[in-house]
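1. Return atomic coordinates for the entry below.
(one chain, ligands or ions: 2)
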Amino acid sequence: MPTFQGPKNGADQRIGIVVAQFNELVTERLKAGALAELQQLGVSADNITVISVPGAFELPRAAQQMSLSGRFDGIIALGAVIRGETDHYQYVCSQTAGGLAAVSLNGPIPVMFGVLTTDTLDQAINRAGGKVGNKGRDCAAGVLEMIGLTKLLKA
Ligand SMILES: Nc1c(NC[C@H](O)[C@H](O)[C@H](O)CO)[nH]c(=O)[nH]c1=O
Ligand SMILES: CC(=O)[C@@H](O)COP(=O)(O)O
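-> Numbers count the residues shown, from 1 in each chain. Ligands and ions are numbered 1, 2, ... in the order given. This next block holds a predicted model:
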């Protein structure tokens with residue numbers, strides 16, 4: 001049975017990265033991981049645009065503007081939502097995830113969900129280059145694959 005997997009070669013791919021500033025101790029590490037992986041996969045630094053937003057809740061709007069600009073082939077959205085004392089966490093997580101999913105589903109290009117949603121700072125750091133890995137790196141590899149699939153299935 002044939003299965004399709006998009007190429008992970010980044011040559012000529014134009015990538016938008018939108019990063020939340022909230023918990024920047026974590027999100028800067030996610031960004032570094034994404035940039036390192038994109039470079040290793042052959043994406044030119046000239047083809048990467050990074051923009052920052054205040055927090056995860058603002059990621060979907062920025063991703064939508066990037067998606068509709070026509071200037072990108074794929075988007076990586078990075079953030080770190082860490083539970084506090086109230087139920088605010090639930091609203092931020094659900095609206096951020098739902099908003100980014102809608103931009104990816106309804107827009108012309110793929111959007112990768114690189115938003116950590118954790119109970120503690122340690123859990124977030126462990127997933128931003130610590131012992132569990134780097135979600136930014138994961139999203140970088142994934143966005144190239146999704147771009148390849150998008151182009152393959154559009155053809
Ligand atoms: N608590 C966290 C937030 N909260 C801020 C929201 O994302 C948003 O910027 C604000 O409600 C204004 O619209 N953001 C994170 O990224 N991470 C958090 O842990
Ligand atoms: C995820 C959040 O918005 C959270 O950091 C806010 O903290 P708190 O619930 O203690 O106000």
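2. Counting neighbours, what do you get for the nearest residue to residue 19 once chain neighbours are set aside?
-> Taking C-beta to C-beta, 6 or more residues apart in numbering as the measure, residue 19 lies nearest to residue 78, with 4.7 Å between them; neighbours along the chain are not counted. C-beta coordinates here come from the backbone N, C-alpha and C atoms, glycine included. Residue 78 is flanked by 29 other residues according to other C-beta atoms under 10 Å.
3. Identify the residues contacting residue 78.
-> By C-beta atoms under 8 Å, 6 or more residues apart in numbering, the residues touching residue 78 are 17-20, 27, 30-31, 34, 114-115, 135-136, 139.
4. Sitting in strands, which of these do you find?
-> The members of the contacts of residue 78 that map onto strands under DSSP state E are 17-20, 114-115.
5. before we move on, back to that, so where does the residue nearest to residue 19 fall, helix or strand?
-> For residue 78, the enclosing helix or strand under DSSP states H and E is strand 74-82.
6. Tell me where this protein has helices.
-> For the chain, applying DSSP state H gives helices covering 24-40, 59-69, 88-106, 121-126, 135-154.
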